[in-house]
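**Student:** Okay, here's the prediction I keep looking at, along with the sequence it came from:
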Amino acid sequence: MLLLAVLIIEFSPAHFLFTGPLLSPAPALAAVTMGPAGTGSVVVMAGVVSSITATHNHAWGSQQVYANLLALLVVSVASLVTSIARVRKERELAKVRRISQVSQDVVLHPVPAHLNDVTAAGLYLAAEAGARIGGDLYEVLATPFGIRIIVGDAQGKGLPAVRTAAAVLGAFREAAHYEPELPEVMRRCEAALRRELCRARGDEEAAEPLDPTEQFVTAVLAQVPDTPVIELVSRGHHPPLLLHRGEADALETACPLPPLGLEEFLGSHPMPVQTYPFETGDRLLLYTDGVVEARDPAGNFFDLPTHLAQLSDGSLEKLLDRLRASLLDHTRRSLADDAAMIIIERHLPRESARALS
């Protein structure tokens, strides 16, 4: 459009205007969005337009024409170099994103939509722009003992938090199918975390020692058996929210326990299983601290129970989409921490549903 404007001016009554300085920015503008081929084409077109205007105005031999051509040459070379570098970085970024997506699929499996008489949906929001995975962890599995769910948050950020989350998830995926009791599943996760921390400390022994109190994972385990209840074991995690008849209630743990990795503070205390009613039509939301600790510009926390109660209608996917929109609106799309949410809903068993139909 800029080159066309130059031609129109030169072949119109307004040709007395100096259009030479308008040609130099054309390659630079092209380099912003075009690749080397497109930028090179604009460079050639700018040179052609400059030659046409100089011939039309009988300006060859004047210092103005050669100054304009020199400026066009310098800007063109810089624009081509910039375009090549930008395209190379975009390709590298696309490759990193593909690798990140594969890593996320390995560490965080997609949440299955249907599991026996339970439907589920999940949402993960990374605080870092362009990131797809962090220290938050979750999994939903159908096991011989019922539907089992873990939601947790590894302290810290970056690759150490990802490795910690992967260790806990790997232990859960194995133990959930073989351990009949939830506390034993949690202990298997704790043992895996302990091994990972020992390995990390061994890798860092030449550097500054790791502080054990700064390497931990908060986690909550949930189990949906055949009976209309939900069973929970929590280790320092935020209480799940039970949505029953339009009201959201926090399922507080009667005996708070420290997070995984801080077993020295646990002592000989057992890990009790808390049981709550979970009837047909009830929904349970498990989440990480990035949700409830999200702040608006005024410093106010995100009121998850209120938003959940207000957005309780519709499918699970739509509910999470609305929660996501509310959370991003509350923080002005600037999350300070990763946020993950898992929501499940109990339905009638398939045999009962067939009988009623």
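**Tutor:** Alright, I've got the coordinates. Numbering: from 1, shown residues only.

**Student:** longest helix in this structure, by residue count?
**Tutor:** As assigned by DSSP state H, the longest helix anywhere in the chain is helix 63-107.

**Student:** Determine the set of other helices and strands touching that helix.
**Tutor:** Packed against helix 63-107, as judged by 3 or more C-beta pairs under 8 Å, 6 or more residues apart in numbering; DSSP states H and E, are the following elements: helix 20-23, helix 25-33, helix 36-56, helix 158-175. For every residue, glycine as well, the C-beta is placed using N, CA and C.

**Student:** pLDDT (mean, whole number) over it?
**Tutor:** For helix 63-107, mean pLDDT rounds to 81.

**Student:** now that helix, how far from the chain's geometric center?
**Tutor:** 26 Å (C-alpha atoms, centre = their mean, to the nearest Å).

**Student:** how far off helix 25-33 does it point, in degrees?
**Tutor:** Counting by axes from the mean of the first three to the mean of the last three C-alpha atoms, to 10 degrees, helix 63-107 lies at 0 degrees to helix 25-33.

**Student:** Parallel or antiparallel, list what pairs with the helix or strand following helix 63-107.
**Tutor:** Next helix or strand after helix 63-107 toward the C-terminus (DSSP states H and E): strand 114-115. According to DSSP bridges, strand 114-115 has the following sheet partners: strand 118-125 (antiparallel).

**Student:** so what does the helix or strand that the strand it pairs with is followed by touch, helix or strand wise?
**Tutor:** Counting by DSSP H and E, the element after strand 118-125 in chain order, helix or strand, is strand 136-143. With contacts taken as 3+ C-beta pairs under 8 Å, 6+ apart, strand 136-143 sits against strand 118-125, strand 146-154, helix 158-175, strand 339-346.

**Student:** can you list those in JSON lines and add mean neighbour count?
**Tutor:** Listed next are the helices and strands packed on strand 136-143 as JSON lines, based on neighbours: other C-beta atoms under 10 Å:
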{"stretch": "strand 118-125", "mean neighbour count": "21"}
{"stretch": "strand 146-154", "mean neighbour count": "27"}
{"stretch": "helix 158-175", "mean neighbour count": "20"}
{"stretch": "strand 339-346", "mean neighbour count": "24"}
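
**Student:** I'd like to know which of these is closest to Gly61.
**Tutor:** helix 158-175 (62.7 Å; C-beta to C-beta).

**Student:** just checking, what packs against that closest one?
**Tutor:** helix 63-107, strand 136-143, strand 146-154, helix 182-203, strand 217-224.

**Student:** ok, and what's touching that helix?
**Tutor:** By C-beta atoms under 8 Å, 6 or more residues apart in numbering, the surrounding residues in contact with helix 158-175 are 103, 107-108, 133-137, 139, 141, 148, 150, 152, 154-156, 184-185, 188-189, 191-193, 195-197, 200, 215, 217, 219, 221, 260.
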